[in-house]
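In: For reference, the sequence and a predicted model appear below.
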Number of protein chains: 2
Amino acid sequence: MGEERVHRGARFELITETVELPNGRRVDLDLVRHPGASAIVPFLDANRVLMIRQYRFATGGELLEIPAGKLDPGETPEVCAARELIEETGYRAGRLEKLGAIWTSPGFTDEVIHLFAAFDLEPDRQALEPDEIIELVPMPFDEALEAIRRAEVFDGKSLAGLMLAARLLDARG
Amino acid sequence: MGEERVHRGARFELITETVELPNGRRVDLDLVRHPGASAIVPFLDANRVLMIRQYRFATGGELLEIPAGKLDPGETPEVCAARELIEETGYRAGRLEKLGAIWTSPGFTDEVIHLFAAFDLEPDRQALEPDEIIELVPMPFDEALEAIRRAEVFDGKSLAGLMLAARLLDARG
């Protein structure tokens, strides 16, 4: 059925489509078509993680997050995670472990964020984009988990990544 | 600075804005302006939750989720949570408890989802929207948590809500 591209931006496309639902109704739906992303919980050692503080125009201020970034065309989630960790933090992961993946807001976007834990970090060269303003915030893992409780609003991928990483570590004792 | 509305849809507006970042750079940013939403983890009893299975055009299939919906103009998150729970599931909450809130994707949208746990449910009248196709899926709470592990991709608000509810219940013993 009809599909119209309303807008092509740097981060996503907006599509409006006339869709027939499984119940036979036809509706016009707006869809933010996104390439997907990877996000990483970087462990500096057994008890410390490397968070980032980042200015976010959309939310009107700084957020405490885990490093993340969009998939390049043809890139696998794991390669993206390794690349974005280096670019945003200046650390290379010796080992990446998949934690899961989330649909960020399935009511209007196909965006998926793949979540990884990174271990055995080695220094490499940070390479920020011109529109990235990032402060590195190393902190105890427990404190990052506690920040979820204290924050009025936390970022969804960071909450999911930190809680899944905690469960992974708990399961291993 | 300049702000242009590119699209007004039923679920959100798309704005393109020329922004001066804290580092002095000017960039054009696309922003999906969203009214925000509430989502609910409904406890049927101490060990069972009421999930929903819903067709999502954006993700191309059915998702297992917690009930949720957009804030009406002027509505508080708690009133929205109570209303959406009734409309989507046909149950009224005797008690709502705040679990937290997430920015769903702060790189491009101001959408916030407020997360609640609902207790002491009483039957009421379900009232679905024409474009909502929802199947009620009561299940053991442990099985819902296990579904997060099994799913290739889970929905962000549902993962956050279920894991925060588990932590709330654990903290109470």
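Out: Looks like it came in fine.

In: outside of the helix of greatest length in chain A, which residues touch it?
Out: If you go by DSSP state H, chain A has its longest helix at helix A:156-171. Outside of helix A:156-171, the residues within contact range by C-beta atoms under 8 Å, 6 or more residues apart in numbering or on different chains are A:37, A:39-41, A:43, A:49, A:51, A:64-66, A:68, A:97, A:99-100, A:102, A:104, A:113, A:115-117, A:141, A:144-145, A:148, B:100, B:102-105, B:113, B:156-157, B:159-160, B:163. For the C-beta atoms, the positions are set from N, CA and C on the backbone; glycine is no exception.

In: among these, which are in helices?
Out: Of the contacts of helix A:156-171, the ones assigned to helices by DSSP H are A:141, A:144, A:145, A:148, B:156, B:157, B:159, B:160, B:163.

In: Those residues: which two are farthest apart?
Out: Spatial extent of the ones in helices among the contacts of helix A:156-171 (C-beta to C-beta) is set by the pair A:141 and B:157 at 23.6 Å.

In: higher neighbour count, the two?
Out: residue B:157 (30 against 20; other C-beta atoms under 10 Å in any protein chain shown).

In: Relative to residue B:29, how far out is the more buried one?
Out: According to C-beta to C-beta, to the nearest Å, residue B:157 stands 24 Å off from residue B:29.

In: How about residue A:143?
Out: 31 Å.

In: OK, contacts around residue A:69?
Out: A:37, A:38, A:80, A:83, A:84, A:87, A:88.

In: And those, which two are furthest apart?
Out: A:37 and A:87 (12.9 Å).

In: Provide a list of residues in contact with the residue nearest the centre of chain A.
Out: A centroid search over chain A (C-alpha atoms, centre = their mean) returns residue A:39, at 3.8 Å, as the residue closest to the centre. By C-beta under 8 Å, 6+ apart, the residues touching residue A:39 are A:66, A:67, A:68, A:81, A:113, A:114, A:115, A:116, A:157, A:158, A:161.

In: dump the residue contacts of the third one.
Out: So that's residue A:68. Going by C-beta under 8 Å, 6+ apart, residue A:68 touches A:37, A:38, A:39, A:40, A:84, A:88, A:113, A:157.

In: measure it to residue B:99 for me?
Out: For residue A:68, the distance to residue B:99 - C-beta to C-beta - is 23 Å.

In: ok so, going back, now, the contacts of helix A:156-171 that are in strands?
Out: A:37, A:39-41, A:49, A:51, A:64-65, A:68, A:97, A:99-100, A:102, A:113, A:115-117, B:100, B:102-103, B:113 (DSSP state E).

In: out of those residues, which are buried?
Out: In the ones in strands among the contacts of helix A:156-171, burial by neighbour count holds for A:37, A:39-41, A:49, A:51, A:64-65, A:68, A:99-100, A:102, A:113, A:115-117, B:100, B:102-103, B:113, counting by 16 or more other C-beta atoms under 10 Å in any protein chain shown.

In: now residue A:155: how far from residue B:155?
Out: Counting by C-beta to C-beta, the gap from residue A:155 to residue B:155 is 16 Å.

In: Check which helix or strand the residue located most distally from the centre of chain A maps to.
Out: No residue in chain A sits farther from the centre than residue A:24, which is 35.2 Å out by C-alpha atoms, centre = their mean. Using DSSP states H and E, residue A:24 sits in no helix or strand.

In: Relative to residue A:106, how far out is it?
Out: For residue A:24, the distance to residue A:106 equals 21 Å [C-beta to C-beta].

In: phi, psi of residue A:72?
Out: For residue A:72, the backbone dihedrals (degrees, to the nearest 10) come out as phi -80, psi 160.

In: and the nearest residue to it once chain neighbours are set aside, how many neighbours?
Out: Spatially, and ignoring its direct neighbours in sequence, residue A:72 is nearest to residue A:80 (6.8 Å; C-beta to C-beta, 6 or more residues apart in numbering or on different chains). Neighbour count of residue A:80, defined by other C-beta under 10 Å: 23.

In: for residue A:80, what are its contacts?
Out: Residues in contact with residue A:80 (C-beta under 8 Å, 6+ apart) are A:37, A:38, A:69, A:70, A:71, A:72, A:114.

In: Let me know the secondary structure of it.
Out: What DSSP: H, G, I helix; E, B strand; the rest coil gives for residue A:80 is helix.

In: what does the model give the residue farthest from the centre of chain A for pLDDT?
Out: Model confidence at residue A:24, given as pLDDT, is 84.
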